[in-house]
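**Q** predicted model and sequence below, questions to follow.
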Amino acid sequence: MKDTFGMFIHVSWKSSGHEMEYFFECPYCWERISIIIDTSVNDQIFVEDCEVCCRPIEIRVVLDNSEVSSFSASKTD
Ligand SMILES: [Zn+2]
């Protein structure tokens with residue numbers, strides 16, 4: 001039996017070296033956008049402007065074995 005749920009998770013990002021492209025929905029405009037995560041840092045918080053509406057999104061990422069174990073994107077205001 002194939003692990004289809006695991007396959008679904010793994011098509012949502014590509015890993016290369018210490019950088020991972022992660023896709024999520026903007027909390028302002030709900031467009032699907034992506035960011036590059038540095039997988040060498042296990043716990044990080046940063047602000048990234050949405051590539052669609054240009055509003056600042058506070059992003060929190062927790063990594064476990066270079067995979068995202070917790071992710072949240074929230075409005076800064
Ligand atoms: Zn947006």
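**A** All right, it came through fine.
**Q** drop to CA atoms for contacts and neighbour counts, all remaining ones
**A** Noted.
**Q** point out the residues in the protein that sit beside the ion.
**A** Contact residues, the chain versus the ion (CA under 5 Å from the ion): 26, 29, 50, 52, 53.
**Q** which stretches of this structure form strands?
**A** Under the criterion DSSP state E, the chain contains strands at 13-16, 19-25, 32-38, 43-49, 56-64, 67-75.
**Q** re the thing from before, so which of the residues of the chain next to the ion is the most crowded?
**A** Neighbour counts for these (other CA atoms under 10 Å) peak at residue 26, which has 22 neighbours.
**Q** can you pull the contacts of that one?
**A** Applying CA atoms under 8 Å, 6 or more residues apart in numbering, we find residue 26 in contact with 32, 33, 50, 57, 73.
**Q** please apply the same query to residue 37.
**A** Residue 37 makes contact with 19, 20, 21, 22 under the criterion CA under 8 Å, 6+ apart.
**Q** and residue 18, by the same measure?
**A** 38, 39, 40.
**Q** buried members of those residues into PyMOL, please.
**A** Buried residues within the contacts of residue 18, by 16 or more other CA atoms under 10 Å, are selected in PyMOL with:
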select buried, resi 38+39
